[in-house]
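Trainee: fold the following and give me the result.
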Amino acid sequence: MEYRSNAAQDGSRTKPKPRGDPVIRRLTQLYTGLVLYGASMALQIRAALGLDPWDVFHQGLTRHLGLSFGVVTMIVGAAVLLLWIPLRQWPGLGTVSNVVVIGLSVNEVLALVPALHGVLLRAVLLAAAIVLNGVAGGLYIGARLGPGPRDGLMTGVCRRTGRSVRQVRTAIEVTVLLIGLLMGGSVGVGTLAYALAIGPLVQLFLPLFTVPEPARPGPATPPRTLPAQPPVEAALRP
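Mentor: As a prediction, the model looks like this:
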């Protein structure tokens, strides 16, 4: 007599166990991206070839408002968050973590990396910083736990207009750069390189790191999940 298991008798198949924990993956990806983002900012500062466009904007405002650079950065971040409202973009864990983790990461990397001499070495460091910034943005935005204030503006505009990350990010960076320049912010070759390259880089890396939406399970097996931000797939079109 041939015996079969209950699963074999009812014709069911054993489902493969899911690999890894999606919650752990998303949290790990979020904080890895934020740390790398701060590191990339510190490397660009050490390259000393020009601030990124948003910091040019912050510096220009500082000259006119008489406030510290840090205070102006926070004010601009809060103002950008207000622009999320008509875009129906909502903050998440990543939005809050953005401010704290990136700031700490910048300080740590600045303490570890000394000022460099030689144009060639500084140019290599600048290129590495810009590419790392694109990778970091793809990681923490792709975790779907809430982008930073400025990145949320980008993804919100992408969804509302149907434009690509490359187009929207480049337009935002160039706009704030021009305004910052008119207000007296410092601009260098690194500023222009960042403004033109960061949009295509985020466009390249974001699809690679975006965590897919989990499949909806049956009522008996609810998954352990974190609240997700609106899907970013609409912003991934070329």
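Trainee: check contacts around residue 61.
Mentor: 67, 72, 75-76, 180, 183 (CB atoms under 8 Å, 6 or more residues apart in numbering). Just so you know, the C-beta spots here come from the backbone N, C-alpha and C atoms, and that holds for glycine as well.
Trainee: if you set the cut-off to 6 Å instead, what comes out?
Mentor: residue 72 (CB atoms under 6 Å, 6 or more residues apart in numbering).
Trainee: what residues of the one helix or strand it maps to count as buried?
Mentor: Here residue 61, judged by DSSP states H and E, is contained in helix 53-65. For helix 53-65, burial by neighbour count (16 or more other CB atoms under 10 Å) applies to 53-62.
Trainee: show me which pair in these is furthest apart.
Mentor: Spanning the widest gap among those are 53 and 62, at 14.9 Å by CB to CB.
Trainee: once you drop chain neighbours, what's closest to residue 132?
Mentor: Nearest residue to residue 132 in three dimensions, chain neighbours excluded: residue 40, at 4.0 Å (CB to CB, 6 or more residues apart in numbering).
Trainee: does that neighbour lie in a helix or a strand, and which?
Mentor: helix 22-47.
Trainee: what mean pLDDT does that helix have?
Mentor: Average pLDDT, helix 22-47: 90.
Trainee: re the thing from before, closest to residue 46 out of the buried residues of helix 53-65?
Mentor: residue 55 (13.9 Å).
Trainee: now do the closest one, the pLDDT please.
Mentor: Value listed for residue 55 in the pLDDT field: 83.
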